[in-house]
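J.: Whatever this is, show me its structure:
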Amino acid sequence: MLEFGIEKKHPFNWFLSGIGAQLYAREMSALNVVLEQSHEGRVLQLSGPPLIRSFSKFHYIHYDDGLNFPSVGHNVCGQFDKIGILGECIDLVVVPHLHELLPNFVATIPEIYRVLNNEGSVVVFGFNPFSIWGSQRILGLGDVVPWCHKFYNANTVIKKFEDADFCFLGRKNLFPSFYSESAMIYNKLNVLDKLGCSAFGSAYMLVFKKRTSTMTLNTEKSIAFNATQDIA
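T.: Numbers count the residues shown, from 1 in each chain. The predicted structure is shown next:
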């Protein structure tokens, strides 16, 4: 799926093959649902393999010069706590697994708020500690997502964004499965995914909206909220 040149030691090498590539495909599909329903204009992604492959107003910022992730838009290496973009010019910010990579992720949230237009949206992807993968890590059953030091509770992430004046719209769990880099073992244990047991999703997608003084929010009519309900 991904054919980018990337050093083997880099954490995002995990997304290039095996079970990592399968999760990457699920996250890409989930984000596409949000984009299709919300018709966002300018989109900014902070780190991770690009989840958008055919969008002209897409801006991608990574943190490592060793990465070679050509994107369909503007691709630069920069700092996440000092985003080199003018304020209030982005409609949607996509944040895949950045809080699991950066120890000072909280410093990034005010920058996300700054670059977003009024009532702009944020989509965050993270690993679910209350999943089969999380249990496997605790029990030492396999090297589950070896580059990730900690799976963060989604409620912790939600609280950080709400403290920064974002409104939480919804959550969707993705890819319920056992963790195995062996395709044969994975296919035999892939019962939860086939049954669609989303409560055990290995990853979560969180959707937020920038809160403003003039904001009126009805989550039942929110396109972004509905997108979290409709993803298969």
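
J.: Please, where are all the strands along the protein?
T.: In the chain, the strands defined using DSSP state E lie at 43-46, 58-62, 74-77, 90-96, 116-127, 166-176, 201-210.

J.: Each with direction, which strands does the last one pair with?
T.: Paired with strand 201-210 in the same sheet, following DSSP bridges, are strand 116-127 (antiparallel), strand 166-176 (antiparallel).

J.: now the second one
T.: Sheet pairing of strand 58-62 (DSSP bridges) gives strand 43-46 (parallel), strand 74-77 (parallel).

J.: Pick the most buried one from those.
T.: When neighbours are counted by mean count of other C-beta atoms under 10 Å, the highest per-stretch mean among the strands paired with strand 58-62 falls to strand 43-46, a mean of 25. Glycine gets a C-beta too; all of them are placed from N, C-alpha and C.

J.: can you list contacts of that one?
T.: Defining contact as C-beta atoms under 8 Å, 6 or more residues apart in numbering, one finds that strand 43-46 is touched by 35, 51-52, 55, 57-61, 71, 73, 80, 83, 85, 90-96, 98, 108, 112, 115.

J.: Keeping just the C-alphas, turn it into PDB.
T.: Extracted in PDB, the C-alpha atoms of strand 43-46 (Å, rounded to 0.1, in the frame of the first residue of the first chain):
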ATOM      1  CA  VAL A  43      -6.800  19.900   5.700                       C
ATOM      2  CA  LEU A  44      -3.600  19.600   7.800                       C
ATOM      3  CA  GLN A  45      -2.200  16.300   9.000                       C
ATOM      4  CA  LEU A  46       0.400  16.300  11.800                       C
END
